[in-house]
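Participant: build me a model from this:
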Amino acid sequence: MFEGLKLKKQKRVMKRLIAKKRVRTMHNFDSIKKVGIIFNVTTEERWNLINNIAKVLEKYGKKVFMLGVIDKKDTKLNFIITNPKVTLIRKKGDLNCWGIPKKSKLKPFFKRKYNTLINISNVEDFVTSYLSVKTLADVKIALDTAENQKIYDVLIKMNPDSSEEDFMKQVIHYLTLINK
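Facilitator: Here you go, the predicted model:
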């Protein structure tokens with residue numbers, strides 16, 4: 001019964017957040033200064049892949065800030081070195097009873113305005129959608145899915161077996177095609 005109420009509350013929250021007007025500004029790859037990345041992390045291998053993506057963007061002169069969602073309570077993250085540019089939240093503990101992330105944990109990520117927000121999460125759920133909608137960004141990019149069409153400005157269609165690295169290559173490719 002409570003799960004049904006929780007889902008209704010989450011749908012209402014998302015509907016209200018999506019309905020808010022925001023200014024969208026397209027940037028080409030050269031004009032992007034700050035990039036926000038939303039991801040989920042469960043293994044050291046996945047973290048290394050995402051961290052390498054951030055390092056590539058930083059080599060291009062971008063400031064990269066990351067927000068990671070940890071699905072499982074017992075996931076040990078001794079492989080993530082503390083970094084002020086990485087904010088992590090756990091689905092078990094950092095969410096209120098309605099499944100909405102607690103704001104105190106997210107202040108460092110939400111206080112910035114990003115030129116581009118990229119969701120490279122391989123999980124499509126309320127938490128990542130909520131985080132994406134709440135983040136201030138000129139343009140928001142994600143995989144092309146029916147649910148993502150309501151939230152993001154740029155959707156990239158990929159094969160189901162494509163990696164996050166392939167997705168990021170496509171993001172960079174399409175951003176470089178935008179006129180300067």
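
Participant: isn't V123 right up against D71?
Facilitator: Yes. Under the criterion of Cβ atoms under 8 Å, V123 makes contact with D71 at 6.9 Å. The C-beta positions use only the backbone N, C-alpha and C, and glycine is treated the same way.

Participant: touching both of the two, which residues are there?
Facilitator: Among the neighbours of V123, those also in contact with D71 (Cβ atoms under 8 Å, 6 or more residues apart in numbering) are N40.

Participant: so which elements touch the longest helix seen in the chain?
Facilitator: Longest helix in the chain, counting residues (DSSP state H): helix 2-19. Using 3 or more Cβ pairs under 8 Å, 6 or more residues apart in numbering; DSSP states H and E, the elements in contact with helix 2-19 are helix 126-134.

Participant: now do the buried residues in stretch 141-156.
Facilitator: 141-143, 148, 151-154, 156 (16 or more other Cβ atoms under 10 Å).

Participant: JSON lines for those, including secondary structure, distance to K6 and pLDDT?
Facilitator: Putting the buried residues of stretch 141-156 into JSON lines (DSSP: H, G, I helix; E, B strand; the rest coil; distance: Cβ to Cβ, whole Å; pLDDT from 0 to 100) gives the following:
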{"residue": "I141", "secondary structure": "strand", "distance to K6": "29", "pLDDT": "94"}
{"residue": "A142", "secondary structure": "strand", "distance to K6": "24", "pLDDT": "93"}
{"residue": "L143", "secondary structure": "strand", "distance to K6": "25", "pLDDT": "91"}
{"residue": "N148", "secondary structure": "helix", "distance to K6": "22", "pLDDT": "87"}
{"residue": "I151", "secondary structure": "coil", "distance to K6": "20", "pLDDT": "91"}
{"residue": "Y152", "secondary structure": "coil", "distance to K6": "24", "pLDDT": "92"}
{"residue": "D153", "secondary structure": "coil", "distance to K6": "28", "pLDDT": "92"}
{"residue": "V154", "secondary structure": "strand", "distance to K6": "30", "pLDDT": "91"}
{"residue": "I156", "secondary structure": "strand", "distance to K6": "31", "pLDDT": "92"}
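
Participant: so where's the chain uncertain?
Facilitator: In the predicted model of the chain, residues 1, 72-83, 179-180 satisfy pLDDT under 70.
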